[in-house]
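Student: just the structure for this:
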Amino acid sequence: MVRSIESLELELLGLPAVDRARLLDRVVASLDADRARDEAWDQVAATRDSEIERGTTSALSGDEAITRLRKELL
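Tutor: Numbers count the residues shown, from 1 in each chain. Here you go, the predicted model:
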């Protein structure tokens, strides 16, 4: 038997929050087809974190990063 999206949605929204969160994680993971890209970004983040901890670079606030990006795009 095929369920409609609406009936599945109603059933899922009736689950406890912890179960919905776990299900959401699994659904998102199933959509993430580019693991190599994710691993590359994880490596960039780890390298950046290490540089910040060593003091060889400094962190920017989100607002400052967006301001700089906007200036570069203009």
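Student: could you export the helix or strand hosting residue 47 as CSV, CA atoms only?
Tutor: Element membership for residue 47, per DSSP states H and E: helix 35-54. Output of helix 35-54 as CSV, limited to C-alpha atoms (Å, rounded to 0.1, in the frame of the first residue of the first chain):
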residue,chain,number,x,y,z
ARG,A,35,30.9,12.5,0.8
ALA,A,36,34.2,13.4,-0.7
ARG,A,37,33.1,17.1,-0.8
ASP,A,38,32.0,16.9,2.8
GLU,A,39,35.3,15.3,3.9
ALA,A,40,37.2,18.0,2.1
TRP,A,41,35.2,20.7,3.9
ASP,A,42,35.8,18.9,7.2
GLN,A,43,39.5,19.0,6.5
VAL,A,44,39.4,22.7,5.7
ALA,A,45,37.5,23.4,8.9
ALA,A,46,39.9,21.3,11.0
THR,A,47,42.9,23.1,9.4
ARG,A,48,41.3,26.5,10.1
ASP,A,49,40.5,25.5,13.7
SER,A,50,44.1,24.4,14.2
GLU,A,51,45.4,27.7,12.7
ILE,A,52,43.2,29.7,15.1
GLU,A,53,44.3,27.7,18.1
ARG,A,54,48.0,28.2,17.2
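Student: return the distance of it from the chain's centre.
Tutor: Centroid displacement of helix 35-54 relative to its chain, using Cα atoms, centre = their mean, to the nearest Å, is 14 Å.
Student: could you point out which element follows it?
Tutor: Next helix or strand after helix 35-54 toward the C-terminus (DSSP H and E): helix 62-73.
Student: tell me the average confidence for that following helix?
Tutor: Mean pLDDT, computed over helix 62-73, is 94.
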